[in-house]
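Q: okay, structure incoming, though there's no sequence with it:
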């Protein structure tokens, strides 16, 4: 066992889009995915644990426990829009080996549900950002790139770390099309403003109306969860001095 | 092979409780489990080695060898009380990968014996402790939490490292209920006093009378074993400057 | 899954020679292999990803993505010369475990195509080099060594790191014959001059005429690709302070 | 694949003793095993590579290559003495995972040949040693311990690192009996004197006459091989500042 997958339901979806929203730079994707799940009332259908996650439990405020996990939610669009698979979680894997395994399992599940398109979200670390941070993109192919550029994103130059980048690459080998949206962020706290930019572009792509008024709620919840796992320091906006393994944070 | 499991006996147990008692912070769980095994005359039924343990042997005083290992003992309650599976050992795994594998194997064995409930023990590292250290808890679910709170434990806020935490999380995915009891400790030597608190609460939960007068014997034996493996320094009460892998020590 | 292999074609080859050309010291092999692929118009027939590669994607200048990968190309010699399998890529594996797995998979594929002979290329790091850097060699057996010495190479004394060395060793266990050609290099930038020496010797061995006039093009492209993955620093000729894992760089 | 085993012959042996002789502290076991192989004209019957070995090849003086490997030799005693399986090699595995796997494979092979007894050799690092270094021992069981004590060894107190210790432990789980002989050594160069002590005790145990006059030859050859792999520094008697993984060196 590297990953243990529990599938609670096999939803019938119509050509769904996989949205990657795991913790990473500025926690942009993580906040955005959590908000999407809340707003769309997306339904949990699978959970994945991995022996490349941390070996601990963290406590919730009410005396419960929370474990390192990633989860898959689905959203069936009522009006013939795009169905979604949202990949959410409180961690990425601690080793590259774990990252590839985890990504492979999720792509397996997505393919089974007829998914051949993905959007991965992330932060693009900058020393300084403006009030309205810019969005960058990269895509699996020129046609998909056009789609991303049409959302107002510019061409990214650099590296897309962790599962946001890996998913695009491993997806391409399975004939997934897809693009990454990377929003400028200082990358040192859960950045609700950057997440808002990501969601604006994403909702334009999906032709979905998403109420962003409660985005702060998702950002705060994200902050609490990530604090409990030690990914960010409690009480401050400084990111924890990351361990060398946490390559997807830098 | 990651883990090699040798099962010597498949005892018939009635809805047993799994007690986790591996080396960790303050060695609270380790002392408590060893004492339980002695006092209850629990019987060894399985041994598990893992390629994620140290690659060495240590010598005993009499010229024998001792290897890194974890062991499962059972106790059949004579008076209709709860049967027990006690998970004891001289190490945890050195990698998170190894921890998940080891935990999975033990849960497999426990499930086969009809076990769906676990109590994990541990230390909660503090800079200062009082004569009667406090006990903290976290649980898989609200009802189980009540049970733990009724033993005099307070709600834990923080991280439960190593197999004490991991077991609760992986257990939940298999529908195990369970709670962790974490006793305040300085965490720098095998803490018999903290182990006593853990055992008092545990015996209350199990409705078992456990003679604690010989607890020092278990603490000394624990000290010797852990010294031989280099987990704690010989002759002093200082903990060995732990290697970075030994995350379950803090 | 450690490696995922995608085979697009199973070419019929006549006793082909496997040429190893992955990034390593001075990127000698990498430049040489890329140039060979260009000049011989070699055809891609298999791609291999590994969970021991980096977990990221890098962007291309046009907004596309590039992932860590190794690729196999074939060249069918039109005039009864030696057919070739060229092993090219933008990375080696990050762990020794990954290196052995990757090498095993490539040897599997090569054997299936009737290959029993390999030439691995590389740099031999020196503090100082002359305009015409010397070539060193080592071989699987005395007869093959003679072949290499006849190309003007001297006997290598030292270690052949990474897949250039590992392939020879694992190949021997499968009755592959083969030799390594290692060219002196400072090892701090993609060394087109060293690659030229390697190609001269190789073309002599293969009795192939290879136009070396466009070698700078391969060196520049290699530089760009390796910069994008962070193996070498952008804009300078200094090699990135390599992570400790990157043993094949020195 | 973690280990790849090639068996060239399945010798018929009568209750053979497995002798472990891999590189370790003072290279005592390694020298002793090589000398035994020479003197007894032991025959190679299996080779084992592992993806937990180094990923390189080293050159021989004559332009050949040598790869990280361990090998099994057998010796059939002509006069009804004990048959031997000698486990020799130029490395141990770089990870504990690799060590367990390698040990498991060798024990598999040994069991197939009817072996249930092992002697592991090693150095016991001391700051100072006398001309006639002392021998220490530890054993799988009290009766076997007596055997070892009768050879003039004293009871070891401490840790037996690497495969010398691991083999005893994993062997016990398979009902092997066995003991370790550990000779005092400074541990900073291939220690022929310590190897001589080990061989004297071993030959007494095996009731074998072993000519020790050419032991220096084995020590020199061991030095050369280990230098080529970088385990010890060339030209000096200082041990290379070992990487943290090389736990079996101390």
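A: Everything's here; your move. Note that the coordinates shown come from a computational prediction; the quantities given were computed from them, not determined experimentally.
Q: chain A: strands as residue ranges?
A: A:3-7, A:17-21, A:43-50, A:56-59, A:65-66, A:70-75, A:84-89, A:117-125, A:135-139, A:154-155, A:159-161, A:177-185 (DSSP state E).
Q: excluding chain neighbours, what is closest to the residue of chain A most remote from its centre?
A: Relative to the mean C-alpha coordinate of chain A, counting by Cα atoms, centre = their mean, the farthest residue is residue A:63 (27.4 Å). Excluding the flanking residues, the one nearest residue A:63 by Cβ to Cβ, 6 or more residues apart in numbering or on different chains is residue B:155, at 4.1 Å. All C-beta spots, glycine's among them, are computed from the backbone N, C-alpha and C.
Q: let me see the contact set for residue A:206.
A: Counting by Cβ atoms under 8 Å, 6 or more residues apart in numbering or on different chains, residue A:206 touches A:17, A:81-82, A:84.
Q: so among those residues, where is pLDDT lowest?
A: Least confident of those in the model: residue A:81, at 84.
Q: burial measure for the nearest residue to it once chain neighbours are set aside, as a count.
A: Excluding its sequence neighbours, the residue lying closest to residue A:81 (Cβ to Cβ, 6+ apart) is residue A:207, at 5.6 Å. Residues contacting residue A:207 under the criterion other Cβ atoms under 10 Å in any protein chain shown number 11.
Q: what residues does chain A put near chain B?
A: Residues of chain A lying close to chain B (Cβ under 8 Å from any Cβ of the partner chain) are A:1-2, A:4, A:6, A:47, A:49-69, A:94-95, A:228-230.
Q: what about 6 Å?
A: Residues of chain A found near chain B (Cβ under 6 Å from any Cβ of the partner chain) are A:51, A:55-59, A:63, A:65, A:67.
Q: do you know which of the strands of chain A lies nearest residue D:181?
A: strand A:56-59 (42.0 Å; Cβ to Cβ).
Q: what comes into contact with that closest one?
A: A:65-67, A:228-229, B:138, B:156-157, B:159-161, B:165, B:168-169 (Cβ atoms under 6 Å, 6 or more residues apart in numbering or on different chains).
Q: now which of those residues would you call buried?
A: Burial by neighbour count, 16 or more other Cβ atoms under 10 Å in any protein chain shown: within the contacts of strand A:56-59 this picks out A:65-67, A:228-229, B:138, B:156, B:159-161, B:165, B:168-169.
Q: how close does the residue farthest from the centre of chain A get to residue D:133?
A: 59 Å (Cβ to Cβ, to the nearest Å).
Q: re earlier: let's have the strands of chain A in a markdown table, adding distance to residue B:111.
A: Shown next, in a markdown table, are the strands of chain A (distance: least, Cβ to Cβ, whole Å):
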| stretch | distance to residue B:111 |
| --- | --- |
| strand A:3-7 | 14 |
| strand A:17-21 | 33 |
| strand A:43-50 | 16 |
| strand A:56-59 | 19 |
| strand A:65-66 | 19 |
| strand A:70-75 | 23 |
| strand A:84-89 | 26 |
| strand A:117-125 | 36 |
| strand A:135-139 | 46 |
| strand A:154-155 | 52 |
| strand A:159-161 | 38 |
| strand A:177-185 | 39 |
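Q: just so I know, which of the ones you listed lies nearest residue D:221?
A: Comparing those against residue D:221 with Cβ to Cβ, the closest turns out to be strand A:43-50 (46.2 Å).
Q: ok, the closest one: who's next to it in the sheet?
A: strand A:3-7 (antiparallel), strand A:70-75 (antiparallel) (DSSP bridges).
Q: least reliable of those going by mean pLDDT?
A: Least confidently modelled of the strands paired with strand A:43-50 is strand A:3-7, at a mean of 95 by mean pLDDT.
Q: and it, which residues are buried?
A: Going by neighbour count (16+ other Cβ under 10 Å), the buried part of strand A:3-7 is A:3-5.
Q: list of residues touching that strand?
A: Residues outside strand A:3-7 that contact it (Cβ under 6 Å, 6+ apart) are A:46-50, A:101-102, A:105.
Q: ok, and the most crowded of those?
A: Going by other Cβ under 10 Å, residue A:102 tops the contacts of strand A:3-7 with 30 neighbours.
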